[in-house]
Structures are given as structure tokens and as C-alpha cells.
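**Q** Here is a sequence with its predicted model. Questions after.
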Amino acid sequence: MTVNLGLNTSVVVNKNDHPVAEVPIVEEPPALYYTGSNSMLQDFIEKTIRVLGMSGLPSFSKIRNTTDFISVIRSGIPKTALDNLLSNTGLTVTEISKIIRTSDRTLRRYTTAQKLSPEQSERLIELARLYSRGEQVFDGMDNFRKWMNSTVMALGNKKPKEYLDTSIGIDLLMDELGKIEHGIFA
């Protein structure tokens, strides 16, 4: 049996209720978890959809929480969303083609209504979520773009843009934005 002694330790006791060992309790920092209200979450979702330029489309108007993005990803998002993302984020066709693992020539051949693959759609939604969050944390898209293009000590003196080609890299940037928002600078 374990008895919690407070914030940082607990004591493990045997079946005769004699203390056996003191064990430290490991806690994760609260900055890594979303603690906002439902209206803040809805605002974040709306900003994500706006970065993709998909406001008002039937498939995107049904999104009320982050899990609702899954059906949109599975059915694919139109190439128009990619064009809007490029316009809103300042990413180039060459950069986005590396991020979604296709050639820029292939991207240029897509019609505006043509749907991207689920893998490409997922990466674009991840990017839209990141840029929406960055816009919120840095108080504007221009400020966030500057940060994305500057070297960051907490990222090993690399540019945040260098992490956009993997989901883990995007997660790392989301965590870094949470730290910045809460004043935790590494």
C-alpha cells in the first residue's frame, strides 16, 4: 500500500502497516496541458479553420472539438486549404512540399477542388493548429512568422521551421509555445 504524504513524496508500507520506503512523486509541469475554457477551445478551432481558409464549408462547420478533425482528415481536405495555408503562414510551395512529402511539381498539378491524401491533410491541419496557436501566443501572425524563422536556443539554436516535417517536431513546437505562454524560457 502507498500513502501519499503531500506534494513530493509518499511512503510505501507493508501489510503490517510498517513504513518500508519513501518514494518521490514525479509530476509533470502544468504548462503542457490545455486548461482553457470550452469557449477558448472553440476559438482555437475556429482560428485553425480560418488559417486553412475553410470557414463556412459544410465539412468544417461541423467541427466542434479536436476529434471532429479526424473525419475531415480521413476524407481529405481540398487543395484550396493548402493554398490558403501557404498564404496565411508565409510558407513556400517548396517548404510545404517537403513537409507533406510530395514534390512541388505534383502540388502545382492539383486542381483547387482536388482532395489531398489523408496523410497530407493531417499534416496541413497540424500546421494550421500550430500556426493558430503561435498567432495567439505571439499576439499576431507576423510575430509568430518571425519566431519561426529565427534561431531558438531552446531548440538547439535551430529555426522552428526545421521541425515542421514530423508530427513529433510539431508537438515539440506546440510544447515550446506552451512554455513561452507561461513564461518558461529554457
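**A** Done, it's in.
**Q** Break the protein down into its structural domains.
**A** 1-33, 34-181 (automatic domain parsing).
**Q** Which of these has the highest mean neighbour count?
**A** Among the domains of the chain, ranked by average contacts under mean count of other C-beta atoms under 10 Å, first place goes to domain 34-181 (a mean of 16). Backbone N, C-alpha and C define where each C-beta goes, glycine included.
**Q** That one: how far from the chain's middle?
**A** A distance of 8 Å separates the centroid of the chain from that of domain 34-181, by C-alpha atoms, centre = their mean, to the nearest Å.
**Q** who touches the residue lying closest to residue 172 once chain neighbours are set aside in this structure?
**A** Closest residue to residue 172 apart from its sequence neighbours, by C-beta to C-beta, 6 or more residues apart in numbering: residue 163 at 5.8 Å. With contact set as C-beta atoms under 8 Å, 6 or more residues apart in numbering, residue 163 has these partners: 155, 169-170, 172-173.
**Q** In helices, which of those appear?
**A** 169-170, 172-173 (DSSP state H).
**Q** Which member of the residues you listed is positioned nearest residue 86?
**A** Nearest to residue 86, judged by C-beta to C-beta, of the ones in helices among the contacts of residue 163 is residue 170 at 16.8 Å.
**Q** just checking, the closest one touches residue 164?
**A** Yes. Taking contacts as C-beta atoms under 8 Å, residue 170 lies within contact range of residue 164: 6.4 Å.
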